[in-house]
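1. Return atomic coordinates for the entry below.
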Amino acid sequence: MKMIKNVIVLAAALLLGYSANAQILQNGTPAPAGAIVYSLPSTTISLKVTAVHESFVAGPYAKYAEKYLGVEARTESGDFYTLGAIEMIPCIEADPSVRVAVSLGTSKTASANFLNFCSQGLIITSDSYTGKQAQWRFPSAANNSDFASSGATSNLDSRTTTLYKSVKTAGGLEKVPVQQTQVVEKSIERKAEETASMIFRLRQKRMDIITGDTDATYSGEAMAAAIEEITRLEQEYLSLFIGKSVTDEQTVVFDVVPKAENGSKQMYIAFRISDTQGLVPASNMSGRPIVLELQQDGPQSAGTSETAASGKGRIYYRQPATMVVRLLDGQKEIMQGRMPVYQLGQTLSFPVEIAVK
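-> Numbering: from 1, shown residues only. Sure, this is the predicted structure:
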C-alpha cells in the first residue's frame, strides 16, 4: 500500500512538471529552453491623411477684374493646402516591451487554449508586424508661362501726337501743327480693357449662335464645335483676370502609439499641416498641429492587472480598453470614433488547463 501511494505521488509530480508555466520576461532575461515566447498586443493608430494642394498664379490683369468684368479676383499667387480626407485605422502589433515565455508541456488542452487566445488577438507572436507603405506625392506647381499665349490683343498701340514747329512767314515766326504717329507699348490697364471687351464679344457671339441670330447657319456638330471653341477662348481670356490653378493630392500615413503611463485621457500631436509644405510630421514646427485625443469610454471593468513575474498553469493576455478617439484641428472636431486600445487595458491571466467549449 505504501508503495502504491509513492507511485501516485510521483505520477502527480510528473504531470505537474508538464503543466503550462508562463513567465513575464524582464529586459535581458533569456527565455527558458523549449518555451514559446509571445508578446502582448499593442494598438497603433494609423492615420491615412490626404491633403488637397492648390498652386495658384494670379492673372496679370487681376486688379482690373472688378472694374472691367465686375468680379473679384485674387491678386496674390501662392501654394495652399487643405485637409481632404482622413482614414483612421487601428493596427495590432506585438508590444516589444512585454515578452512572455510559456511552456505548454504535453497538454493538448493548454495548446488548444493558447492557439485560441492567438486567434482572438489577445496574445500575439513576437515576430508579428503590420507593414504599411507611406506614399508621398510631390505637389505640382502652376506655371507663370501659362498666360504667355492668352493675350487677346496686340501688345503695341499707335499714338498720334501733335507737334509744333516754327515757320518763318512775312509776318514773323508762326507755330504750325504737325501730326506724328508713334508705336508705343500698351499699358496693362489698356490691355485689360481690350481683353474684357473681347470676352463680352465672345459671349455675345455665342448667344447669337445659340439663338440663330447670325448670317451663318450652324447645326448639329458644327454648332457644338463652335460653341466649344468660343467657350475655350473665353476661359483663356478670363484666366488673365482670375488666374490659374493646378490642384493635386498629397497622401501621407502617420502612426500614433498611445502610452499606458499617460493615463485614461491622452493627447498627441498626430501630424501638422503647413501652408507651404503640406503634410509634415509632428516634429516639424512650421505647420499648425492636428491633435489626436483619447479618452476612456466609461469606467474600466473591475479587475486587477497581473503583475506577478510568473504563473503556474496560466497564460497572460491583454484585455483592451475602449477609447473614444477624437481628431482636432484647433477647436474644430474633424472626426470621432470608438477604438479598442490594448496597451491601455488590463493584463490578466487564464488557467490554460481548463477545457473551453
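2. how close does residue 339 get to residue 95?
-> 17 Å (C-beta to C-beta, to the nearest Å). From N, CA and C alone the C-beta is placed, and that goes for glycine too.
3. Remind me what the helix or strand where residue 197 lies packs against, helices and strands.
-> Using DSSP states H and E, residue 197 maps to helix 188-211. Contacts defined by 3 or more C-beta pairs under 8 Å, 6 or more residues apart in numbering; DSSP states H and E place helix 188-211 against helix 65-68, helix 221-242.
4. and whatever helix or strand comes next after the shortest one, which residues are buried?
-> In other words, helix 65-68. Tracing the chain past helix 65-68, the next element assigned as helix or strand by DSSP H and E is strand 78-103. Along strand 78-103, these residues count as buried under the neighbour rule (16 or more other C-beta atoms under 10 Å): 79, 81, 86, 88, 90, 92-95, 98-103.
5. Can you tell me which of those lies closest to residue 218?
-> Checking the buried residues of strand 78-103 against residue 218 by C-beta to C-beta gives residue 79 as the nearest, at 42.6 Å.
6. quick one: that closest one and residue 52 touch, right?
-> No - the criterion here is C-beta atoms under 8 Å, and residue 79 misses it with residue 52 at 11.4 Å.
7. Isn't residue 90 up against residue 45?
-> Yes - with contact defined as C-beta under 8 Å, residue 90 reaches residue 45; the gap is 6.1 Å.
8. Return every residue with contacts to both of the two.
-> Overlap of the contact sets of residue 90 and residue 45 (by C-beta atoms under 8 Å, 6 or more residues apart in numbering) consists of 339, 341.
9. that older thread, identify, from the buried residues of strand 78-103, the entry nearest to residue 268.
-> residue 88 (12.9 Å).
10. tell me the contacts of the closest one?
-> 45, 46, 47, 48, 325, 327, 335, 337, 339.
11. check which helix or strand covers the first one.
-> Spelled out, that is residue 45. Going by DSSP H and E, residue 45 is in strand 36-57.
12. Go through that strand and flag the buried ones.
-> 36, 38-49, 51, 53-57.
13. before we move on, what about stretch 328-348?
-> For stretch 328-348, by 16+ other C-beta under 10 Å, it's 328, 339, 340, 341, 342, 343, 344, 345, 346, 347, 348.
14. Dump these into JSON lines; add secondary structure, pLDDT and distance to residue 281 as well.
-> Below are the buried residues of stretch 328-348 laid out as JSON lines (DSSP: H, G, I helix; E, B strand; the rest coil; pLDDT from 0 to 100; distance: C-beta to C-beta, whole Å):
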{"residue": "328", "secondary structure": "strand", "pLDDT": "94", "distance to residue 281": "17"}
{"residue": "339", "secondary structure": "strand", "pLDDT": "89", "distance to residue 281": "22"}
{"residue": "340", "secondary structure": "strand", "pLDDT": "90", "distance to residue 281": "26"}
{"residue": "341", "secondary structure": "strand", "pLDDT": "91", "distance to residue 281": "22"}
{"residue": "342", "secondary structure": "strand", "pLDDT": "89", "distance to residue 281": "24"}
{"residue": "343", "secondary structure": "strand", "pLDDT": "89", "distance to residue 281": "22"}
{"residue": "344", "secondary structure": "strand", "pLDDT": "90", "distance to residue 281": "23"}
{"residue": "345", "secondary structure": "strand", "pLDDT": "88", "distance to residue 281": "28"}
{"residue": "346", "secondary structure": "strand", "pLDDT": "87", "distance to residue 281": "32"}
{"residue": "347", "secondary structure": "strand", "pLDDT": "85", "distance to residue 281": "31"}
{"residue": "348", "secondary structure": "strand", "pLDDT": "84", "distance to residue 281": "36"}
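15. JSON lines for these, including distance to residue 198?
-> Below are the buried residues of stretch 328-348 laid out as JSON lines (distance: C-beta to C-beta, whole Å):
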{"residue": "328", "distance to residue 198": "49"}
{"residue": "339", "distance to residue 198": "58"}
{"residue": "340", "distance to residue 198": "64"}
{"residue": "341", "distance to residue 198": "63"}
{"residue": "342", "distance to residue 198": "67"}
{"residue": "343", "distance to residue 198": "67"}
{"residue": "344", "distance to residue 198": "66"}
{"residue": "345", "distance to residue 198": "70"}
{"residue": "346", "distance to residue 198": "75"}
{"residue": "347", "distance to residue 198": "76"}
{"residue": "348", "distance to residue 198": "78"}
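16. Which two of those have the greatest separation?
-> Most distant of the buried residues of stretch 328-348, by C-beta to C-beta, are 328 and 348, 32.9 Å apart.
17. lowest-confidence helix or strand of this structure?
-> In the chain, no helix or strand scores lower on mean pLDDT, DSSP states H and E than helix 2-17, which sits at a mean of 35.
18. residue ranges with poor pLDDT in the stretch 151-300 of the chain?
-> Within the stretch 151-300 of the chain, the stretches with pLDDT under 70 are 151-174, 176, 178-184, 300.
19. Please list the outside residues in contact with the helix or strand hosting residue 266.
-> Taking DSSP H and E as the definition, residue 266 sits inside strand 265-274. Contacts of strand 265-274 with the rest of the structure, by C-beta under 8 Å, 6+ apart, involve 47, 49, 51, 81, 83, 252, 254, 256, 258-259, 279-282, 284-296, 327.
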